[in-house]
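1. okay, structure incoming, though there's no sequence with it:
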């Protein structure tokens, strides 16, 4: 090698060194349907992923209307993470409009779905999509997201497995805490009113009874007869508190509270996280916040 060529290679070396980290830093673009899934993808994907949640904090995935910006973002994504179980009724239109060619993960795959009564459609039984409200299901969500990320980005396998294991360990650590706190509420007081039927899985897992004046979707409005029925039930069963959800209009529950004397127990996070600086900025913080609010309203003062 002559001296001139050697000098040229030395001069170009810094450019080659700079280019490698730039390529390595390119993150996998992931679109999640709503904020709770967005956080789960972030927990498992870490720095290897760039996550966009279509329905953001305090947003309502039941009635969301996708935008042209959503279509553009989805088209550029390598992975789409959905809840499934009928939650995202609008996603097919968005996928078609975007021309999305990436892979899709159904985060609830493998979960045993619960059924519930849908008052909006003649009291028929329908699938309850809110499976994330049971921490045991949260583990399954994390595993499905991990597997989807590995398939889309095999080079990140070790990272995704390590992050998923850490996330699942945090879920495992939180679950006994949830059960211990709920255990402070006398069994006779474990009934509450929420804005819509989002806590069926929570109730089954942790021994709570939830009554909602609205049906499975926040798009359905309670009739006067249904509200009257709930008011009678609150009075007859002495239900002590009603809870507002962050994604719904609180005026109906305020009316019920005034007419029954049941107190407003606070705000629960059902289908969406709070903004990052709020009390429910992550999936696990959402659980902690909800349990704290429920226990503060229903448990006897210590």
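-> Looks like it came in fine. Quick caveat: nothing in here was measured; it's all calculated off a predicted structure. Numbering: from 1, shown residues only.

2. what does stretch 230-237 contact?
-> Stretch 230-237 has contacts (CB atoms under 8 Å, 6 or more residues apart in numbering) with 191, 193, 211, 213, 222, 239, 242, 256, 259, 260, 262. For the C-beta atoms, the positions are set from N, CA and C on the backbone; glycine is no exception.

3. just the buried members of those residues?
-> 191, 193, 211, 213, 222, 239, 242, 256, 260, 262 (16 or more other CB atoms under 10 Å).

4. next secondary structure after the lowest-mean-pLDDT helix or strand in the chain?
-> The weakest-scoring helix or strand in the chain, judged by mean pLDDT, DSSP states H and E, is helix 3-24 (a mean of 44). Using DSSP states H and E, the helix or strand that follows helix 3-24 in sequence is strand 28-34.

5. for that following strand, enumerate the helices and strands it packs against.
-> helix 35-45, strand 49-55, strand 79-82, helix 135-152 (3 or more CB pairs under 8 Å, 6 or more residues apart in numbering; DSSP states H and E).

6. show me what counts as buried in the longest one.
-> When you say that, I think you mean helix 135-152. Result for helix 135-152 [16+ other CB under 10 Å]: buried residues 135, 137-150, 152.

7. pull out the buried residues from the helix or strand following it.
-> Proceeding C-terminally, helix 135-152 gives way to helix 157-182 as the next helix or strand, assigned by DSSP H and E. For helix 157-182, burial by neighbour count (16+ other CB under 10 Å) applies to 159-160, 163-164, 167-168, 170-171, 174-175, 178, 181-182.

8. quick one: average pLDDT of stretch 136-146?
-> Average pLDDT, stretch 136-146: 98.

9. circling back: among the buried ones among the contacts of stretch 230-237, which are located in strands?
-> Using DSSP state E, the subset of the buried ones among the contacts of stretch 230-237 located in strands is 191, 193, 211, 242.

10. of all pairs in those residues, which one is the farthest apart?
-> Put simply, by CB to CB the two of those set farthest apart are 191 and 242, 10.6 Å from each other.

11. which one of the buried residues of helix 157-182 is nearest residue 124?
-> residue 182 (30.6 Å).

12. apart from its neighbours in sequence, what residue is nearest that closest one?
-> In this structure, residue 182 finds its nearest non-sequential neighbour in residue 206, 4.9 Å apart by CB to CB, 6 or more residues apart in numbering.

13. how does the chain divide into domains?
-> Annotated domains of the chain cover 26-177, 181-295 [automatic domain parsing].

14. now tabulate the ones you listed in a markdown table and tack on distance to residue 301.
-> Formatted as a markdown table, the domains of the chain follow (distance: least, CB to CB, whole Å):
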| stretch | distance to residue 301 |
| --- | --- |
| domain 26-177 | 20 |
| domain 181-295 | 11 |
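
15. for these, which has the smallest mean pLDDT value?
-> Minimum mean pLDDT among the domains of the chain: domain 181-295, a mean of 80.
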